[in-house]
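Colleague: take this sequence and fold it.
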Amino acid sequence: MKGKIKLKGRLRNHLYWPLIAGALLVLMNVPVYFISRRAGGIVSGFSVVYLGAAFYGFFRMKPVLIDELVNFATQYGTVQKQLLNEFEIPYALLDYNGKFLWVNEQFTEMTGKDKNYHKSVSTVFPSITKEVLQREEEVESVNLKLEENYYRVALKRIYFDSIAKKSDILSMAESEEYLTALYLFDETELNRYIKENEDQKLVAALVYIDNYDEALDSIEDVKRSLLVALIDRKVNKYFMEIDALVRKIEKDKYFVVFKYKYLRQLEEDKFSLIEDVKTVKVGNEMAVTLSIGVGIDGLNYNHNYELARMAIDLALGRGGDQVVVKEGEEISYYGGKAKQVERNTRVKARVKAHALREIIESREHVVVMGHSISDVDSLGAAIGVYCASKTLGKKCQIVLNEVTSSLRPLVECFTPENGYPSDLFIKNDEALLITNQDTLVMVVDTNRPNYTECPELLKRTKTIVVFDHHRQSSEVIENPVLSYIEPYASSACEMIAEVLQYFSENIKLDPAEADCIYAGILIDTNNFMTKTGVRTFEAAAYLKRAGAEVTRVRKKLRNDMDAYKARAEAVRHAEVYRGAFAISVCPADKIESPTIVGAQAANELLNIIGIKASFVLTEYQGKIYVSSRSIDEINVQLIMERLGGGGHLNVAGAQLTDCSIIQAKHIIQDTIDEMLKEGNIVE
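Modeller: Predicted structure coming up:
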């Protein structure tokens, strides 16, 4: 290393000045000879003596000077080392491979390692490995926990060549290796104060009674005040245990404020209030259910309230009897196991019908679309909207990219020969061309933008209406001017049939139109066996009066032989998992609508004794479609939500990508195991 040490900068110039002065003296001696040869000789003799002394001093004093400089640097380094040794912040120096070279007293006191400890830093801090230290991009800090304390470890690389560059008097050979300086900052108290500050933040919550009017109507008048008082007591007692402020803002609504630190307690308890309130019985036939929306992580208190309002809307849109926690953009769900309570009142349907009429009247053109790979319910609901638009004299077109075998008999009824426009059914490209700001885009039978026939269509206009009977998820169509989402409804066709009754006195359905809407109800209720309520039969009765013919509809819904065989194969090869879950694969070869056949097979599997839920997988167009069904014990909607899908308590589905059929089976089995362990799928 000594051979590599050189002088530079001002010190080097200082040593060279005597030699430079000697050279100048020789040059000045030349004109002296012209003045006096004797004087020139004297000056020459002096110059020789001076240069000799200068060269001797340069070559003799340079090593001595370097030794003195090194000794000074050593003494200076010793002082610095002493200061670092007594430094109040724990400090350590690591070599290129992450081994300890030197540590100060605070570091030894904190870690319990003495100054002779030269092992790898990962033996003390497992998260700081050799790979971390030698990454191409320098890691500036690492957070870690040592015993009960939390530390921020600051890391700084020290390159050998950079040390020399900063020096004004020494230079050293370049090297790619470096040392690492390690500083430890105890942030235990800081984290504690941050946590205390987080815990003190206020959380806004809204509590709604889902079936207030229905529950009161089911008991005697004298007991109604008692039922309300018992519900109030349950709600207040539950939230008072966490020091919450509870205020009743309406007869069936509560506003709650509590500290953030209690939220995790409520989540671990899975908001037992929604189950506890069902135990309130004073002669009411119908159990009382609650929906709770919680808003946190907002910019201010008003923002938290807005998040709570959005959360309660989502909870109600998913059928109620559940809790939705909206933490910024993150959404968590709790509960939602019970069946949706059917509303016998048609006030909401009448209000939505009048609102829809006003919107259609204000637009020049209506475009209707359902979900991709449309089914009979989606088509029937679209035809219902066409009937409403035709009554008001507005042009209506339906986006239908693929006519499956199950839809073809119905679609063939709406031809120009039967008096319908030739452009009634259009594809995506044409829909995008004709849609503008004066167009009403109506979405039926889905509320997810990515599930629609043409998601881009939603960006072409600001006038969007959504009619759907599926539970809402976190992915929703943004800013619709009218949203009618009723999870208790059996089908979108049932909702449309109700709306048509209040839409106009002049509305009249042709038999083909009534058949199509009736077929949608028939398919989604599995021949009136699933999710069927009083209003379902009332809607069917209205359609029957309008000209729907059951026999004619049945003929249109018949399967071909290949589809029937595929359904039989799916039932035949079904595997029973954990004694209650039927899992099968529906063959897609030679079948025009394999997803429809898969759904039919899932319904068939429920006819087997002991089967509580069925899952049929169909590989189609690069995706794996999962159709799941149950009767009453298992909530398949929660299972499908774990897979990125959704639906209803008894009817749900999902789409899986980037996996095989075998992998999809394992995913479903693992999800069932996980949710059974959590107790989240049994009602």
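
Colleague: make it CA atoms for all contacts and neighbour counts henceforth
Modeller: Noted.

Colleague: contacts only, for the closest residue to residue 486 other than its chain neighbours.
Modeller: Nearest non-adjacent residue to residue 486, counting by C-alpha to C-alpha, 6 or more residues apart in numbering: residue 469, 4.9 Å away. Contact analysis of residue 469 by C-alpha atoms under 8 Å, 6 or more residues apart in numbering lists 445, 446, 485, 486, 487, 488, 489, 490, 491, 492, 495.

Colleague: so which helix or strand takes in the last one?
Modeller: Element membership of residue 495 [criterion: DSSP states H and E] is helix 492-503.

Colleague: name the helix or strand for the residue nearest to residue 568 when sequence neighbours are not counted, please.
Modeller: Among residues not flanking residue 568 along the chain, residue 601 sits closest, at 7.4 Å (C-alpha to C-alpha, 6+ apart). In this assignment (DSSP H and E), residue 601 forms part of helix 594-605.

Colleague: and for the next helix or strand after that helix, what's in contact with it?
Modeller: Proceeding C-terminally, helix 594-605 gives way to strand 613-620 as the next helix or strand, assigned by DSSP H and E. Contact partners of strand 613-620, identified using C-alpha under 8 Å, 6+ apart, comprise 570, 580-588, 594-595, 598-599, 601-603, 605-606, 624-631, 634, 636, 661.

Colleague: the helix or strand just after strand 613-620 pairs with which strands?
Modeller: Counting by DSSP H and E, the next helix or strand C-terminal to strand 613-620 is strand 623-630. Here strand 623-630 has these sheet partners by DSSP bridges: strand 613-620 (antiparallel), strand 651-656 (antiparallel).

Colleague: let me see the mean pLDDT of the first one.
Modeller: pLDDT averaged over strand 613-620 equals 94, rounded to a whole number.

Colleague: the last one too?
Modeller: Averaged across strand 651-656, the pLDDT comes to 90.

Colleague: can I have stretch 105-120 written out in PDB, keeping just the CAs?
Modeller: Written as PDB, here are the backbone C-alpha positions of stretch 105-120 (Å, rounded to 0.1, in the frame of the first residue of the first chain):
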ATOM      1  CA  GLU A 105     -19.600   0.600  22.600                       C
ATOM      2  CA  GLN A 106     -23.300   1.400  22.100                       C
ATOM      3  CA  PHE A 107     -23.500  -1.400  19.500                       C
ATOM      4  CA  THR A 108     -21.900  -3.900  21.800                       C
ATOM      5  CA  GLU A 109     -24.200  -2.800  24.700                       C
ATOM      6  CA  MET A 110     -27.300  -3.100  22.500                       C
ATOM      7  CA  THR A 111     -26.500  -6.500  20.800                       C
ATOM      8  CA  GLY A 112     -24.400  -8.100  23.500                       C
ATOM      9  CA  LYS A 113     -21.600  -8.800  21.100                       C
ATOM     10  CA  ASP A 114     -18.000  -7.800  22.000                       C
ATOM     11  CA  LYS A 115     -15.500  -5.900  19.800                       C
ATOM     12  CA  ASN A 116     -13.800  -9.100  18.800                       C
ATOM     13  CA  TYR A 117     -17.000 -10.400  17.200                       C
ATOM     14  CA  HIS A 118     -16.200 -10.700  13.400                       C
ATOM     15  CA  LYS A 119     -18.900 -13.000  12.100                       C
ATOM     16  CA  SER A 120     -21.500 -12.100   9.500                       C
END
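
Colleague: and it, how far out from the chain's middle?
Modeller: 44 Å (C-alpha atoms, centre = their mean, to the nearest Å).

Colleague: please point out which parts of it sit buried.
Modeller: With burial defined by 16 or more other C-alpha atoms under 10 Å, the residues of stretch 105-120 counted as buried are 105, 106, 107, 108, 118, 120.

Colleague: quick check: mean pLDDT of it?
Modeller: pLDDT averaged over stretch 105-120 gives 82.

Colleague: show residues contacting the helix holding residue 601.
Modeller: 375, 406, 526, 563-564, 566-568, 570-571, 582, 585-588, 611, 614-618, 620, 625, 627-629.

Colleague: the strands in the stretch 51-200 of the chain, which residues?
Modeller: In the stretch 51-200 of the chain, the strands defined using DSSP state E, counting those that start in this stretch lie at 91-94, 100-103, 141-146, 149-159, 170-171, 178-186.

Colleague: partners of the fourth one, with directions?
Modeller: According to DSSP bridges, strand 149-159 has the following sheet partners: strand 141-146 (antiparallel), strand 178-186 (antiparallel).

Colleague: run through who's touching the last one.
Modeller: Put plainly, it is strand 178-186. 89-96, 98, 133, 149-160.

Colleague: give me the mean pLDDT for it.
Modeller: Strand 178-186 carries an average pLDDT of 85.

Colleague: residue 230: neighbour count?
Modeller: 16 (other C-alpha atoms under 10 Å).

Colleague: where does this protein dip in pLDDT?
Modeller: Scanning the chain for pLDDT under 70 picks out 1-17, 19, 22, 56-81, 84, 160-177, 336-346, 682-683.

Colleague: just give me the residue closest to the centre of it.
Modeller: Nearest residue to the geometric centre of the chain (C-alpha atoms, centre = their mean): residue 330, 6.1 Å.

Colleague: beta partners of it?
Modeller: residue 327.

Colleague: measure it to residue 582 for me?
Modeller: 33 Å (C-alpha to C-alpha, to the nearest Å).

Colleague: which residues in the stretch 201-350 of the chain form strands?
Modeller: Assigned by DSSP E, counting those that start in this stretch, the strands in the stretch 201-350 of the chain fall at 202-209, 245-250, 253-259, 290-296, 322-327, 330-335.

Colleague: burial check on the closest residue to residue 622 other than its chain neighbours, number of neighbours?
Modeller: Using C-alpha to C-alpha, 6+ apart and skipping the chain neighbours, the partner closest in space to residue 622 is residue 657 (7.4 Å). When neighbours are defined as other C-alpha under 10 Å, residue 657 has 11 of them.

Colleague: number of residues surrounding residue 419?
Modeller: Residue 419, neighbours per other C-alpha under 10 Å, totals 9.

Colleague: phi, psi for residue 648 please.
Modeller: Backbone torsions of residue 648, given as degrees, to the nearest 10, read phi -120, psi 180.

Colleague: so is the closest residue to it other than its chain neighbours in a helix, a strand, or just coil?
Modeller: Among residues not flanking residue 648 along the chain, residue 637 sits closest, at 5.1 Å (C-alpha to C-alpha, 6+ apart). On the three-state scheme (DSSP: H, G, I helix; E, B strand; the rest coil), residue 637 is labelled helix.

Colleague: any idea which of the strands of the stretch 201-350 of the chain is most buried?
Modeller: Comparing these by mean neighbour count (mean count of other C-alpha atoms under 10 Å), strand 290-296 ranks first with a mean of 28.

Colleague: who are the packing partners of that strand?
Modeller: For strand 290-296, the elements it packs on are strand 202-209, helix 301-317, strand 322-327, judged by 3 or more C-alpha pairs under 8 Å, 6 or more residues apart in numbering; DSSP states H and E.

Colleague: picking that back up, let me know which of the strands of the stretch 51-200 of the chain is the nearest to residue 413.
Modeller: Across the strands of the stretch 51-200 of the chain, the minimum distance to residue 413, taken as C-alpha to C-alpha, is reached by strand 141-146, at 68.2 Å.
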